[in-house]
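**Student:** Return atomic coordinates for the entry below.
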Amino acid sequence: MTRFVIVTLGFAVCFFYLPIVVLGIFSFNASSTMAFPLSGFTLAWYADLVGNAAFQGGFVTSFLIAQPVGLLAAFIGLIAALALTSPRMPFRGAFAVLILVPFLVPKTVLSIAQAMLMSWVGLGRGATALILAQTIVAIPFTTTIIAAVLIRLDPRLEEAARDLGATPWQSFRRVLLPQLNVALSAAYSIGVILSLADLTISMFLAGRTQPLSLIVASEFRRELKPDLNAMQMVVLLLTALIVALTEINRRRRLRGRTAHLRDQT
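**Tutor:** Next up is the predicted model:
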């Protein structure tokens with residue numbers, strides 16, 4: 001049984017990560033033909049990105065869109081998680097299902113519905129519509145992350161703050177919120193990553209806005225060029241950097257909290 005699990009896990013890892021490895025290998029291939037054997041090692045495709053105005057414009061657009069998506073998704077996820085974990089919240093099961101709907105509905109269906117709604121309210125297509133639509137998709141993830149931390153917190157800390165005369169806002173800001181810093185940071189990172197990786201929603205709602213995912217998809221339909229491999233590796237590395245910084249921040253805060261508790265004892 002153990003051998004079967006190991007073999008299955010090995011196949012799964014190869015299925016998910018082998019294409020990325022091949023992508024990275026061909027991004028350094030000297031030939032414009034993506035085929036084995038390799039023709040040599042080169043950084044020319046990465047150098048081409050420096051002068052690629054379309055790539056730079058698409059990356060800046062994607063980055064600027066991802067920031068409000070991450071912030072809004074973390075903020076709304078915090079509110080939803082507080083409501084979801086509150087013992088006084090009626091119909092919590094129905095509310096949880098409502099939060100998960102954007103995750104369960106196929107993205108194509110959701111994108112068409114969002115495009116129709118944006119047109120109906122007069123917002124149209126563009127950066128604002130794209131930010132709102134991507135935020136809706138990210139909310140189930142951010143809510144889950146923050147709620148998972150909330151349910152593990154000791155409610156007696158807030159009760160003690162109330163007994164000492166703190167208002168509800170003061171107990172939230174000084175007691176609860178500091179304990180959620182790591183979860184909020186992770187929620188923000190998830191919102192940013194989902195925004196950077198989005199293609200389906202961008203196809204329906206971007207309008208004249210051209211995020212990097214649309215530029216890559218457009219180039220891929222015309223011709224599979226080696227500079228696309230380099231472009232995707234850069235995006236992958238930036239995404240990995242966001243995840244790494246989030247994890248470093250989480251570990252740093254955890255060590256600081258542990259040291260603080262140790263000093264108190």
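**Student:** what residue ranges in the stretch 1-150 of the chain are flagged as low confidence?
**Tutor:** 1, 31-36, 38 (pLDDT under 70).
**Student:** in it, which spans are helices?
**Tutor:** Secondary structure of the stretch 1-150 of the chain (DSSP state H, counting those that start in this stretch): helices at 2-26, 44-50, 53-85, 92-104, 107-120, 127-150.
**Student:** And the average pLDDT for stretch 170-185 is what?
**Tutor:** For stretch 170-185, the mean per-residue pLDDT is 79.
**Student:** Off-centre distance for that stretch?
**Tutor:** Relative to its parent chain, stretch 170-185 has a centroid offset of 21 Å by CA atoms, centre = their mean, to the nearest Å.
**Student:** next one: stretch 107-114
**Tutor:** Centroid separation for stretch 107-114 versus its chain: 19 Å, with CA atoms, centre = their mean.
**Student:** on that earlier part again, figure out which of the helices of the stretch 1-150 of the chain is closest to Pro211.
**Tutor:** Closest to Pro211 of these is helix 53-85 (CB to CB; 4.2 Å). Using the backbone N, CA and C atoms, a C-beta is placed for each residue, glycine as well.
**Student:** What helices and strands are in contact with that closest one?
**Tutor:** Counting contacts by 3 or more CB pairs under 8 Å, 6 or more residues apart in numbering; DSSP states H and E, helix 53-85 packs against helix 92-104, helix 127-150, helix 181-197, helix 212-222.
**Student:** closest one to Val60 among these?
**Tutor:** For the helices and strands packed on helix 53-85, the distance to Val60 is smallest for helix 212-222, at 8.8 Å, taking CB to CB.
**Student:** dump the residue contacts of Tyr46.
**Tutor:** 27, 230, 234 (CB atoms under 8 Å, 6 or more residues apart in numbering).
**Student:** Quick one: those as a markdown table, columns for distance to Ala138 and neighbour count too.
**Tutor:** Listed next are these as a markdown table, based on distance: CB to CB, whole Å; neighbours: other CB atoms under 10 Å:
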| residue | distance to Ala138 | neighbour count |
| --- | --- | --- |
| Ser27 | 29 | 21 |
| Ala230 | 28 | 24 |
| Val234 | 22 | 16 |
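**Student:** Could I get these in CSV, plus columns for distance to Arg173?
**Tutor:** Below are the contacts of Tyr46 laid out as CSV (distance: CB to CB, whole Å):
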residue, distance to Arg173
Ser27, 47
Ala230, 46
Val234, 39
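**Student:** Pick the one among those residues closest to Phe11.
**Tutor:** Ser27 (25.0 Å).
**Student:** so how far is Leu228 from that closest one?
**Tutor:** From Ser27 across to Leu228, the span is 9 Å (CB to CB, to the nearest Å).
**Student:** With Ser213 instead?
**Tutor:** Using CB to CB, which is the criterion applied here, Ser213 is 12 Å from Leu228.
**Student:** give me every residue that touches Ser111.
**Tutor:** The contact partners of Ser111, by CB under 8 Å, 6+ apart, come to 133, 200-201, 203-205.
**Student:** can you tell me which of the residues you listed are in helices?
**Tutor:** Counted as lying in helices by DSSP state H, out of these, are 133, 200-201, 203-205.
**Student:** Among the residues you listed, which pair sits farthest apart?
**Tutor:** For these, the maximum inter-member distance is 11.2 Å, found between Ala133 and Met203 (CB to CB).
**Student:** So if I had to pick from these two, which one is more boxed in?
**Tutor:** A direct count of neighbours by other CB atoms under 10 Å for Ala133 and Met203 places Ala133 higher, at 29 against 15.
**Student:** from memory that one sits against Ala113, does it?
**Tutor:** No: the criterion here is CB atoms under 8 Å, and Ala133 misses it with Ala113 at 9.6 Å.
**Student:** What backbone torsions are found at Ser86?
**Tutor:** Note on Ser86: its backbone torsions stand at phi -80, psi 130 [degrees, to the nearest 10].
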